[in-house]
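A.B. asks: curious how this folds, go ahead:
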Amino acid sequence: MSTVTPSRSAPRPLRLPAWTLPAGEMPWLPGIPMPIGPLPGRKETPALGRIGTLETRLARTVGEVAKAQNLRYRIFYEEMSAIADAMTLFTRRDADAFDAICDHMLVLDTAEARPGLGGRKPAIVGTYRLLRQSVAERHDGFYSASEYDLAPLMARHPGVRFMELGRSCVLKPYRSKRTVELLWAGVWRYILDHDMDVLIGCASLEGTDPA
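C.D. replies: Sure, this is the predicted structure:
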């Protein structure tokens, strides 16, 4: 059985892709560099699955990533027990620099469309963050490497393509079998499209206070 040990070294600064802006130039999300407008190569991203009024696909714009970050905030910080810093409280978004290099799988409810720029936009009710090894290696590694030492595991499997999953959440009224199945149908299509071999990631589990 392979084991992964906690990493004792502090995570290195993340090198961001050329299409991002320097930190501080995005007034809507200070300190988190992101591209403006449509995400590169995502303008015409098709739906990857549908069940009733729900559909799954990759985020196409910065605005959709921001809505996914807001959904994560609502669940991780308002519903669960995560403790927000001042920036997170101010923006009401669960965000970090990895958001700029990851793909964001979404589940949208087309029946709950809301007014927005360019017309009515379907509500984002579920999300998953995906990071392929080839992308991670261009930007100083996986998020998980800030928590665990992944180098020995990956060194033992040089011909294997790893993909990291994280920040998974679904809005409470939508936590049903079909929503989760639809989210994973999108992830599975992504795995096939990019020929991924192994899935890794961190998970947060609520603990028990013995006192």
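A.B. asks: give me the helices and strands touching the top helix by length along the chain, please.
C.D. replies: Secondary structure of the chain per DSSP state H: the longest helix is helix 177-194. Judged by 3 or more C-beta pairs under 8 Å, 6 or more residues apart in numbering; DSSP states H and E, helix 177-194 is in contact with strand 49-51, strand 54-58, strand 103-116, strand 119-132, strand 162-170. Where you see a C-beta, it was placed from the backbone N, CA and C, and this is true even at glycine.
A.B. asks: mean confidence for whichever helix or strand comes after that helix?
C.D. replies: Next helix or strand after helix 177-194 toward the C-terminus (DSSP states H and E): strand 198-200. Mean pLDDT, strand 198-200: 96.
A.B. asks: which elements pack onto strand 198-200?
C.D. replies: Looks like strand 198-200 contacts strand 162-170 (3+ C-beta pairs under 8 Å, 6+ apart).
A.B. asks: paired strands for the strand it packs on, with orientation please.
C.D. replies: Strand 162-170 has its sheet partners listed here by DSSP bridges as strand 119-132 (antiparallel), strand 198-200 (parallel).
A.B. asks: most tightly packed of these?
C.D. replies: strand 119-132 (a mean of 20; mean count of other C-beta atoms under 10 Å).
A.B. asks: enumerate every residue touching residue 92.
C.D. replies: 70, 73 (C-beta atoms under 8 Å, 6 or more residues apart in numbering).
A.B. asks: check contacts around the residue nearest the centre of the chain.
C.D. replies: The centroid of the chain falls nearest to residue 129 when counting by C-alpha atoms, centre = their mean (2.2 Å). For residue 129, the contact set (C-beta under 8 Å, 6+ apart) comprises 98-99, 102-105, 165-168.
A.B. asks: and if we set it to 6 Å?
C.D. replies: Each residue near residue 129 by C-beta atoms under 6 Å, 6 or more residues apart in numbering is listed here: 102, 104, 166-167.
A.B. asks: same deal with residue 53?
C.D. replies: By C-beta under 6 Å, 6+ apart, the contact list for residue 53 reads 109-111.
A.B. asks: check the spacing between the residue nearest to the centre of the chain and residue 53 real quick.
C.D. replies: 24 Å (C-beta to C-beta, to the nearest Å).
A.B. asks: again with residue 163
C.D. replies: Taking C-beta to C-beta, one finds residue 163 at 29 Å from residue 53.
A.B. asks: most neighbours among the contacts of residue 129, which one is it?
C.D. replies: residue 167 (25 neighbours; other C-beta atoms under 10 Å).
A.B. asks: just the pLDDT for that residue.
C.D. replies: So residue 167 comes in at 94 (pLDDT).
A.B. asks: if I look at it, how far off is residue 98?
C.D. replies: Distance of residue 167 to residue 98, given as C-beta to C-beta: 9 Å.
A.B. asks: who's the residue nearest to the centre of the chain bridged to?
C.D. replies: Under the criterion used (DSSP bridges), residue 129 bridges to residue 104, residue 166.
A.B. asks: now residue 191. Nearest residue, chain neighbours left out?
C.D. replies: What sits nearest to residue 191 in space, not counting adjacent residues and going by C-beta to C-beta, 6 or more residues apart in numbering, is residue 163, at 6.9 Å.
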